[in-house]
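1. sequence plus the predicted model coming up.
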Amino acid sequence: MKINENLTQIERDSLRAIENKLTCGTISEFESKQRAKYLAKAYVFYSKFVDKVTEDIFNIDCEINSLLIKNLLQIKYDCSNQFENFYKQTLIIHPKQGIIDKQITLKNYKIFKKSKIQYIEKCGHYPWLDNPDEFFRAVIEFLK
């Protein structure tokens, strides 16, 4: 994931320190808010959305979320074989400036046999927020 690309070195270091502290236990409300702000900066293309996304991230229980992600990675969770017989059309939206690597999108494209990839420019992890016109145009066109 490309979370660090939109952060300064100081922000990357601070986020890493907060994440390390989180893995060892709990973090303060201030640290949780800072973590949310750093992640929000990484998730959006336009900085005008950072405050909104910060609030959304802050309201997620980061301890439970971290435990869940760590567990999925630890057990190497992969449900792709469950889609071997899935033949419905699928739209995969990949934000060009998003945090998810393009290789993951291509892997999903191969898993979903009748899928279409729509790349969207000038948007991060939240394409409906950063580039709503392009996002909804792609969804509407797909649903026709």
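-> Noted; the coordinates are in hand. Residues are numbered from 1 along each chain as shown.

2. could you check how far residue 26 is from residue 32?
-> Using Cβ to Cβ, to the nearest Å, residue 26 is found at 9 Å from residue 32. Where C-beta positions appear, they are placed from N, C-alpha and C, glycine not excepted.

3. which one of these two has more residues nearby?
-> Ranked by neighbour count (other Cβ atoms under 10 Å), residue 26 and residue 32 place residue 32 first, with 19 against 10.

4. part of a helix, is the more buried one?
-> Yes - Residue 32 sits within a helix when classified using DSSP: H, G, I helix; E, B strand; the rest coil.

5. for the helix or strand of the chain with the lowest mean pLDDT, packing partners?
-> Across the helices and strands of the chain, mean confidence by mean pLDDT, DSSP states H and E is lowest for helix 62-74: a mean of 80. Here helix 62-74 touches helix 9-24, helix 29-43, going by 3 or more Cβ pairs under 8 Å, 6 or more residues apart in numbering; DSSP states H and E.

6. I'm done for today, thanks for sticking with me.
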